[in-house]
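Asks: sequence plus the predicted model coming up.
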Amino acid sequence: MSYALLATDGELSRHDGEVDWEAALGPEGRVRVSLLPNLAVAAYVNDCGLRYPDRYPRNEVGSCLLVALGASPKPYAGNIVFVGWNAANTARGLIEIEPLRPRLADMVEEIHGDVRRALAGDLPRELSPSWGEQMREIAELVWTAPTPTLTVRTVRLP
């Protein structure tokens, strides 16, 4: 299946079935990142990536790219995989994940380039200076935000 892989070093590569995209995320599991609802693209990250910083470093470029595609601004860790997405299949009980079409992979690649240039202090294409500043602020958040925690409380019943 066709997909794009954004590694923790910021490099984006395209793949066509030679590597299982789920394996590229790690053995703990995967979680879909909510993007703009009209995109025919879905992004997946490791479900436990932030809990294992030695195995899954925070992905600065990936976190910024996800925000540029409509995700919540927060740190994401480990590799990020982009696949095709067909939300209309949900109502029919079918799988929503599809191969990433070339034009969508081109779009992800173009925005990826914009993010990298913005992080380098360059204003990409005809984007506003505030967009570049926003990307740099998200990059700062990636490195300064604490690792999320989960508190489990037990309740004793009488």
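Replies: Arrived safely. Here the structure is a predicted model, which means the values were calculated and not measured.

Asks: okay, CA-based contacts and neighbour counts for the rest of this
Replies: Will do.

Asks: which parts of the longest helix seen in the chain are buried?
Replies: Identified as the longest helix of the chain according to DSSP state H is helix 102-119. By 16 or more other Cα atoms under 10 Å, the buried positions in helix 102-119 come out as 104-105, 108-109, 111-119.

Asks: check the residues you listed and tell me the two furthest apart.
Replies: Among the buried residues of helix 102-119, the pair separated by the greatest distance (Cα to Cα) is L104 and L119, at 22.6 Å.

Asks: how far off centre is stretch 128-137?
Replies: Taking Cα atoms, centre = their mean, to the nearest Å, one finds stretch 128-137 lying 18 Å from the centre of the chain it belongs to.

Asks: and for stretch 7-17?
Replies: 12 Å.

Asks: so which bits of that stretch are buried?
Replies: Of the residues in stretch 7-17, those scored as buried under the neighbour-count criterion (16+ other Cα under 10 Å) are 7-8, 10, 12, 14.

Asks: now do that stretch, average pLDDT.
Replies: Here stretch 7-17 scores 93 as its mean pLDDT.

Asks: start to end distance for it?
Replies: End-to-end distance for stretch 7-17: 17 Å, by Cα to Cα, to the nearest Å.

Asks: just use 44 as the starting number from now, easier for me
Replies: Will do, 44 is the new start, and the previous item becomes stretch 50-60.

Asks: so which residues make contact with that stretch?
Replies: The list of residues contacting stretch 50-60 from outside it, by Cα atoms under 8 Å, 6 or more residues apart in numbering, reads 44-49, 99-105, 120-123, 148, 152, 155.

Asks: mind picking the two most distant members of the buried residues of stretch 50-60?
Replies: So for the buried residues of stretch 50-60, where distance means Cα to Cα, the most widely separated pair is T51 and R57, at 14.9 Å.

Asks: out of the buried residues of stretch 50-60, who's nearest E139?
Replies: Taking these together and measuring to E139 by Cα to Cα, the closest member is R57, at 20.0 Å.

Asks: shouldn't that closest one be within a strand?
Replies: Yes. Assessed with DSSP: H, G, I helix; E, B strand; the rest coil, R57 lies in a strand.

Asks: beta partners for it?
Replies: A47 (DSSP bridges).

Asks: quick one: residues contacting G127.
Replies: The contact partners of G127, taken as Cα under 8 Å, 6+ apart, are 46, 83-85, 140-144, 147.
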